[in-house]
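Visitor: everything below, folded, please.
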Amino acid sequence: MSKKKKEKKNKEKDCYLNCSKVEIQRLNILKLKKRVKKNEEIIDKLKTLIEVNSIIASSLDRKKTLKSILDQTKYLMKCSKSSILLIDPETNKLKFEVLTNEEDKAILSDIRLSMGEGIAGTVWENGQSILIKDATKDVRFSKKADEKTKDTTRSLIAVPLVVNGEIIGVMEAMNKLDGTSFTNFDLEIFKTLAMQAAIGIENANLYEQAVTDGLTRLFLHRYFDKMIEVEYNKAKSFNKPLSLIIFDIDHFKKINDTYGHQAGDMILKKVASVIKENCKDNYIPCRYGGEEFTVILPETEIEEALSFGWLINKEIQKLEIPYEENIIKLTISGGISNLEKNKAKDFISLIKMADTALYYSKESGRNRISVFEKEFSIKE
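Guide: Modelled structure (predicted):
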């Protein structure tokens, strides 16, 4: 081989080797970028988990805490929706307590899952987390929720919520946004979120026990006294609407005298449950005393407050409460005051106006909701 040919071949070889080195470096850089991106995602997830701890530490409102955790869950898991189901003490079945999609709450409100039923019921029964890549092929999967929401659940993670060694509910995440399945890393992150959610529930439960009525599970009168002043001042400061409604069960003394105090307690619990279940998240339902209940309605105009009052009135009329061999039916009266409409000079005036409107409803034949008018004589 001539010297020139040899030099040419060596140059081609060097060029090939250099090109190979460049390609290898390029591939290594790509791998490094992927690793850095993955590490950044992990760091981002850890930061979000720390934020969730801050949410739990800063709030004792169970619904708000859990909703915030679910919002963070949706971001962390990159999923289309997530939910928390808690064991309903009345039915001993799982019910949807909080969902990322608010519109689903009303749609799924009547769904109850028994132990062992569906993925959530299976997690409750076994106490073990479940990761499913394709729910449509899993015989344990219940289609109850999908049929109601018109959705299709594909991938799914479900983990138990445990407080003091006892399962109190199940937390779920459904469908990754990119169409892929959840991973084992996703599962570990989700387990951590569930642990934090359980802590939030426990903290809120302890707080609720301190500020709620043992019979009705509504807030105590002393809590009402505190919050009506807080909400009044907030509404005045930020020029926001504020309404107040006071309810009273019609002829409750007669019911007590006829059926006894045990029946009376049952009725108080049923009425309180109806009020609580129909309240928006920012409403504050309280037991005012005896058979009276009150609800503070922040950021609520008079028309919406009146609609809420009549909704409770209609729902109470639907109740048929079995007691021994009897069916007890009820009606309820209500009185409403509104900060803007009634020009209440302070929160005490707002209470007196609602109480006067309630008195007007009772005097006008009961089973009705009245709004305070300026021609009413304020009941002292």
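Visitor: so, low pLDDT: which residues of the stretch 201-350 of the chain?
Guide: Of all residues in the stretch 201-350 of the chain, none has pLDDT under 70.
Visitor: can you give me the helices for it?
Guide: 221-238, 252-259, 261-277, 302-318, 339-342, 347-363 (DSSP state H, counting those that start in this stretch).
Visitor: got the confidence number for the residue nearest in space to the middle of the chain?
Guide: By CA atoms, centre = their mean, the mean C-alpha position of the chain lies nearest to residue 98, the distance being 3.1 Å. pLDDT for residue 98: 87.
Visitor: neighbouring contacts of stretch 138-151?
Guide: 81, 96, 104, 107-108, 111, 113, 117-122, 130, 132, 135, 152-153, 156 (CB atoms under 8 Å, 6 or more residues apart in numbering). Where you see a C-beta, it was placed from the backbone N, CA and C, and this is true even at glycine.
Visitor: select only the buried ones of these in ChimeraX?
Guide: Buried residues among the contacts of stretch 138-151 (16 or more other CB atoms under 10 Å), as a ChimeraX selection:
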select :81,96,104,108,111,113,117,118,119,120,121,122,130,132,135,153,156
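Visitor: circling back: for residue 292, which of the helices of the stretch 201-350 of the chain is the nearest?
Guide: helix 347-363 (8.1 Å; CB to CB).
Visitor: and that closest one, what does it pack onto?
Guide: With contacts taken as 3 or more CB pairs under 8 Å, 6 or more residues apart in numbering; DSSP states H and E, helix 347-363 sits against helix 221-238, strand 242-249, strand 332-338, helix 339-342, strand 369-371.
Visitor: go again using 6 Å as the cut-off
Guide: helix 221-238, strand 242-249, strand 332-338, strand 369-371 (3 or more CB pairs under 6 Å, 6 or more residues apart in numbering; DSSP states H and E).
Visitor: I'd like these laid out as TSV, including mean neighbour count and distance to residue 358.
Guide: Shown next, in TSV, are those (neighbours: other CB atoms under 10 Å; distance: least, CB to CB, whole Å):
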stretch	mean neighbour count	distance to residue 358
helix 221-238	16	15
strand 242-249	26	5
strand 332-338	27	3
strand 369-371	23	7
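Visitor: for residue 293, find the nearest of these.
Guide: strand 242-249 (4.5 Å).
Visitor: hey, C-alpha coordinates of the closest one in CSV?
Guide: Only the C-alpha atoms of strand 242-249 are listed here, as CSV (Å, rounded to 0.1, in the frame of the first residue of the first chain):
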residue,chain,number,x,y,z
LEU,A,242,-73.3,37.5,53.9
SER,A,243,-76.6,35.8,54.8
LEU,A,244,-77.8,34.0,57.9
ILE,A,245,-80.6,31.5,58.3
ILE,A,246,-82.1,30.1,61.5
PHE,A,247,-84.2,26.9,61.3
ASP,A,248,-86.7,25.5,63.9
ILE,A,249,-88.4,22.1,63.7
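Visitor: name every strand pairing with it and say which way it goes.
Guide: Next to strand 242-249 in the sheet, as set by DSSP bridges, lie strand 292-298 (antiparallel), strand 332-338 (antiparallel).
Visitor: among these, which comes closest to residue 324?
Guide: The nearest among those, by CB to CB, is strand 332-338 at 22.8 Å.
Visitor: which residues touch that closest one?
Guide: Residues from elsewhere that reach strand 332-338 (CB atoms under 6 Å, 6 or more residues apart in numbering): 243-250, 302, 305, 309, 313, 316, 350, 353-354, 357-358, 361-362, 366, 368-372.
Visitor: helix or strand for residue 64, just tell me which one.
Guide: If you go by DSSP states H and E, residue 64 is part of helix 62-77.
Visitor: show me how far that helix is from its chain's centre.
Guide: 9 Å (CA atoms, centre = their mean, to the nearest Å).
Visitor: same thing with stretch 224-233?
Guide: That offset, for stretch 224-233, works out to 23 Å (CA atoms, centre = their mean).
Visitor: now stretch 287-304
Guide: With CA atoms, centre = their mean, you get 20 Å for stretch 287-304.
Visitor: try stretch 74-86
Guide: 12 Å.
Visitor: average pLDDT for that stretch?
Guide: 88.
Visitor: which other residues reach it?
Guide: With CB under 6 Å, 6+ apart, stretch 74-86 has contacts from 45, 48, 66, 70, 73, 94, 96-101, 120, 169-177, 186.
Visitor: sitting in strands, which of these do you find?
Guide: Of these, the ones assigned to strands by DSSP state E are 94, 96-99, 169-176.
Visitor: picking that back up, any chance of CSV for the helices of the stretch 201-350 of the chain, columns distance to residue 283?
Guide: Below are those laid out as CSV (distance: least, CB to CB, whole Å):
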stretch, distance to residue 283
helix 221-238, 10
helix 252-259, 23
helix 261-277, 9
helix 302-318, 8
helix 339-342, 15
helix 347-363, 14
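Visitor: count of neighbours near residue 171?
Guide: 30 (other CB atoms under 10 Å).
Visitor: many thanks, I have nothing further to ask.
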